[in-house]
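*Asks:* Compute the structure for the input listed below.
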Amino acid sequence: MILEEIVSDPERHARWLNTLSYLENCGAKLIARCEHPTIVPKELLKHAAEEFRHAYYLKAQIPKIIGRDLPNYHPSNLLGSFPALHYLFRLNIQVSRFLKEKLQVPRRQLKEMAYVLVTYAIEMRAHDLYPRYQQVLSEKGSPVSVVGIIREEEQHLKEIEEELVLLPNYQDLAKQAIAFDTNLYDRWITEMNRS
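*Replies:* Residues are numbered from 1 along each chain as shown. This is a model prediction of the structure:
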């Protein structure tokens, strides 16, 4: 299992934490970009704040592993290089393009629908990935823990599922978003195995 290999190698583990931090930071910025200029529900602010906090928390764990910080999100400091760097951006583009070209979703609805679908796919990925990562951390006796992140991501998934069911044909749309995510995730994992 790749997570066991990563956690067993301090340098790779540090880059993994930096990559997760980067992805959480990207998620928070994606939320911010999708906000309406004036109609911003409290839950959206909470979600963005928690994603930014996750990014900070994960980055702050790196010195526990290698005794120093990784200074930035340069591809050389990430696991999976460019597929990691562009993961969420590409997912958002693919979902938005699908909604626009295949379903002719009007522009005024496009950003909101894409936000819900991309967030759903991301939260489903987190729902799978973080518990597996925590299991490996526990088995290896790592000083790092993501239990708090898991709890918050579970809440995020519940909240986005409540929004998802309000979309027309939400089950088909959710499957398509998951398919886009799976393709990007597989590319990232393939690149990670090389780095």
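*Asks:* how near is A177 to H47?
*Replies:* 17 Å (Cβ to Cβ, to the nearest Å). Just so you know, the C-beta spots here come from the backbone N, C-alpha and C atoms, and that holds for glycine as well.
*Asks:* Tell me which of these two has more neighbours.
*Replies:* A177 (25 against 21; other Cβ atoms under 10 Å).
*Asks:* isn't the more buried one right next to Y120, touching?
*Replies:* Yes: the pair A177 / Y120 is scored as a contact, 6.0 Å apart, by Cβ atoms under 8 Å.
*Asks:* host element of the residue nearest to L167 when sequence neighbours are not counted?
*Replies:* Among residues not flanking L167 along the chain, L173 sits closest, at 5.8 Å (Cβ to Cβ, 6 or more residues apart in numbering). Assigning secondary structure by DSSP states H and E places L173 in helix 170-194.
*Asks:* Which positions in that helix come out as buried?
*Replies:* 170, 173-174, 176-178, 180-181, 184-185, 187-188, 191-192 (16 or more other Cβ atoms under 10 Å).
*Asks:* on that earlier part again, check whether the residue nearest to L167 really touches E163, as I assumed.
*Replies:* No: counting by Cβ under 8 Å, L173 sits too far from E163 to count as a contact (11.8 Å).
*Asks:* packing partners for the helix or strand of the chain with the lowest mean pLDDT?
*Replies:* Within the chain, no helix or strand scores below helix 81-85, which has a mean of 90 by mean pLDDT, DSSP states H and E. Secondary-structure packing of helix 81-85 (3 or more Cβ pairs under 8 Å, 6 or more residues apart in numbering; DSSP states H and E): helix 10-34, helix 170-194.
*Asks:* Including mean pLDDT, could the ones you listed go into a markdown table?
*Replies:* Shown next, in a markdown table, are those (pLDDT from 0 to 100):
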| stretch | mean pLDDT |
| --- | --- |
| helix 10-34 | 93 |
| helix 170-194 | 94 |
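*Asks:* which one of those helices lies closest to K111?
*Replies:* helix 10-34 (5.5 Å; Cβ to Cβ).
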